[in-house]
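In: sequence-free structure coming up:
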């Protein structure tokens, strides 16, 4: 009887070791994560996307300084300090808004901002998120901002919209501004 108990204990121990080893091996086929000082990177697997583009999965985390510059510019605009806002823009800016797609000078953009401010009693922003990205070849950088904008015109009519700004960054300056708006009536 004692021999039988020893055999059962030994078999239980061996079964436990085998079970533990098989659980460890099953996890080894999963993607591995590696840590560096800026982000956690997961090894990507090849995806069979239903659409094709020239450079799929082309973006990496971008510059925090670019994010700070974009946010400082927007905050200065919100505070109606157009000179401060525009110091973060390049001398020439490609702007794309609903119905507008053109390259303007920094001074022309300032005039547009001032005209908008003259027609608006007040406005405010509730930031929702932002992201800075850079292409893998390090040639193209963007900061994207997601926010809700509240405004009141000179007649007291209040409105709000969800806004997405895609800001193309060149040498720490905003060189292009694409704005996408969804009115919230």
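Out: Happy to help now that I have it. Just so you know, these numbers come straight off a predicted model, no measurement behind them.
In: which secondary structure element contains residue 108?
Out: Assigning secondary structure by DSSP states H and E places residue 108 in helix 106-118.
In: so how far is stretch 48-62 off the chain centroid?
Out: 15 Å (C-alpha atoms, centre = their mean, to the nearest Å).
In: oh, I was asking about stretch 147-161
Out: How far stretch 147-161 lies from its chain's middle: 25 Å, per C-alpha atoms, centre = their mean.
In: buried stuff in it?
Out: Within stretch 147-161, the residues that count as buried by 16 or more other C-beta atoms under 10 Å are 147, 149, 151, 160. Glycine gets a C-beta too; all of them are placed from N, C-alpha and C.
In: export those as TSV, with columns for pLDDT and secondary structure.
Out: Listed next are the buried residues of stretch 147-161 as TSV, based on pLDDT from 0 to 100; DSSP: H, G, I helix; E, B strand; the rest coil:
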residue	pLDDT	secondary structure
147	98	strand
149	97	strand
151	95	strand
160	96	strand
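In: quick check: the farthest pair among those?
Out: Greatest spacing in those, by C-beta to C-beta: 147 and 151 (12.4 Å).
In: so where do the strands sit in the chain?
Out: Assigned by DSSP state E, the strands in the chain fall at 33-35, 40-42, 59-61, 89-97, 100-105, 120-135, 141-153, 158-170, 173-183.
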